[in-house]
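coords please:
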Amino acid sequence: MSKEKILVIDDEENIANLVKDILEGEGFEVGLAYDGEGALETIREAPPDLIILDLRLPGMSGYQVCQKIREDVSLAHIPIIMLTAKGTTSDKVIGLSFAPDDYVTKPFQEEELVARVRTHLTRTASDLSANPLTKLPGNVPLTQALEKCLSRERQFAVLYLDLSNFKAFNDKYSYLRGDKVIRTTAQIILTIVKEKGNLDDFMGHIGGDDFIVITTPDKVDALCRGIIKDFDRGVASLYDEEDRKRGYIVTKDRLNRTRKFPLMTISIGVVTNKSRKFSSPAEISDVGAELKRYAKGRKESSYVVDKRED
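Okay, here's the model as predicted:
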């Protein structure tokens, strides 16, 4: 089982190293950052499970770092514990206005810090049931979101997204680069939903290279077209230049035969209740899988919307 990752952001190296030693002694994996800009780069490249953030940083303040994390839909779920030498009520009120999860004042008790870290990690895991790679909600919250759709008297649309030729990419370039494909795809989906979707749209990672978005029918075309455009442009940059230029890679298939595999594409099957009714999340998923298979039959990235009636 992999260790939970914590990022400590503090410009005082002695404090940062003290917190690191304490948490590593409790079995956590701990990274350090000493300024806001560098911390944000680290967080976006490899999101931690929890952040301990000092308010007094050079350049960008801890308040600003917290605000930028909360504004990014792919990072907003990460629990943030504010760490500061200030102890007045007014300072805490200002800090809490930037939506951290907790507030610890220096000097702190080791036991208290560890307890707060464990509490927030446990709560986040329980609330989110997140996919460990992308930190997006997984199967449990997905089922709950679909059940919520079914209980409401309003129209919905569910996008089922899947990658073609992903396994070949993994086999050719290694799982580390395959993981980068998954994280890149997640970020593309999150960005497009944030730009073109509704504020309450749901985004989830079912597992592997399968993603899901729950939105409304009027947003489907804009979301699908935006995701496809950005995916086709972004995924090409993950290939070696030689493979990218010729438009395919050469590797073994499942039967150990050497084959040419085209660059990856994204396929989207869209289920809506505009013309038909559904009685369960499983029924929605079955139709979504059928539509996704149809979209995957095409050579290019594409989406298919179910327009059949009951």
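
now do the SS call for residue 43.
The assignment at residue 43 comes out as helix when based on DSSP: H, G, I helix; E, B strand; the rest coil.

swap in the one 10 residues further on?
Remark: residue 53 carries the secondary structure label strand [criterion: three-state DSSP].

which residues does it form beta bridges with?
Beta-bridge pairing for residue 53 (DSSP bridges): residue 9, residue 82.

who's in contact with it?
9, 39, 62, 65-66, 80-83, 100 (C-beta atoms under 8 Å, 6 or more residues apart in numbering). Backbone N, C-alpha and C define where each C-beta goes, glycine included.

distance of it from residue 135?
18 Å (C-beta to C-beta, to the nearest Å).

repeat for residue 251
Relative to residue 135, and taking C-beta to C-beta, residue 251 is found at 29 Å.

which one's more surrounded, those two?
residue 135 (21 against 17; other C-beta atoms under 10 Å).

helix/strand/coil for that one?
coil.

just residue 154 next, same as before
Residue 154, by the three-state scheme (three-state DSSP), is coil.

touching, residue 54 and residue 9? I think so.
Yes: the pair residue 54 / residue 9 is scored as a contact, 6.1 Å apart, by C-beta atoms under 8 Å.

list the residues that contact both of these two?
Each of residue 62 lies in contact with both residue 54 and residue 9 under the rule C-beta under 8 Å, 6+ apart.

dump the biggest helix by length in the chain to CSV, restricted to CA.
Longest helix in the chain, counting residues (DSSP state H): helix 175-196. Provided in CSV are the C-alpha atoms of helix 175-196 (Å, rounded to 0.1, in the frame of the first residue of the first chain):
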residue,chain,number,x,y,z
TYR,A,175,3.3,2.7,-17.1
LEU,A,176,4.9,6.0,-15.8
ARG,A,177,4.1,7.7,-19.1
GLY,A,178,0.8,5.9,-19.2
ASP,A,179,-0.1,7.5,-15.8
LYS,A,180,0.8,10.9,-17.3
VAL,A,181,-1.7,10.3,-20.1
ILE,A,182,-4.4,9.5,-17.5
ARG,A,183,-3.6,12.7,-15.5
THR,A,184,-3.4,14.8,-18.6
THR,A,185,-6.8,13.5,-19.8
ALA,A,186,-8.3,14.2,-16.4
GLN,A,187,-7.0,17.7,-16.4
ILE,A,188,-8.4,18.3,-20.0
ILE,A,189,-11.8,17.0,-18.9
LEU,A,190,-11.8,19.1,-15.7
THR,A,191,-10.8,22.3,-17.6
ILE,A,192,-13.4,22.0,-20.3
VAL,A,193,-16.2,21.2,-17.8
LYS,A,194,-15.1,24.2,-15.8
GLU,A,195,-15.1,26.4,-18.9
LYS,A,196,-18.2,25.1,-20.7
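
phi, psi of the residue lying closest to residue 294 once chain neighbours are set aside?
Of all residues not flanking residue 294 in the chain, residue 304 sits nearest, at 5.1 Å (C-beta to C-beta, 6 or more residues apart in numbering). The phi/psi pair for residue 304 (degrees, to the nearest 10) reads phi -130, psi 130.

and residue 304, what does it touch?
268-270, 291-292, 294-295.

quick check: the gap between it and residue 269.
Using C-beta to C-beta, residue 304 is found at 6 Å from residue 269.

anything in contact with each of these two?
Contacts common to residue 304 and residue 269, judged by C-beta under 8 Å, 6+ apart, are 291-292, 294-295.

for PyMOL, write a command that selects the buried ones of these.
To isolate the buried members of these in PyMOL, using 16 or more other C-beta atoms under 10 Å:
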select buried, resi 291+292+295
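
out of the shared contacts of residue 304 and residue 269, the closest to residue 247 would be?
residue 295 (20.1 Å; C-beta to C-beta).

for the residue lying closest to the closest one once chain neighbours are set aside, helix, strand, or coil?
Excluding the flanking residues, the one nearest residue 295 by C-beta to C-beta, 6+ apart is residue 267, at 3.8 Å. Put simply, residue 267 is strand when judged by three-state DSSP.

thinking again about what came up before, out of the shared contacts of residue 304 and residue 269, which is nearest to residue 186?
residue 292 (17.3 Å).

how about the contacts made by that closest one?
160-162, 267-269, 304.

try it again with 6 Å
160, 162, 267, 269 (C-beta atoms under 6 Å, 6 or more residues apart in numbering).

that one: which element?
Of the helices and strands defined by DSSP states H and E, residue 292 is found in helix 281-296.

can you pull the buried residues of that helix?
281, 284-285, 287-288, 291-292, 295-296.

next one: stretch 4-14
4, 6-11.

what's the answer for stretch 104-124, then?
Residues of stretch 104-124 classed as buried by neighbour count (16+ other C-beta under 10 Å): 104, 113, 116-117, 120-121, 124.
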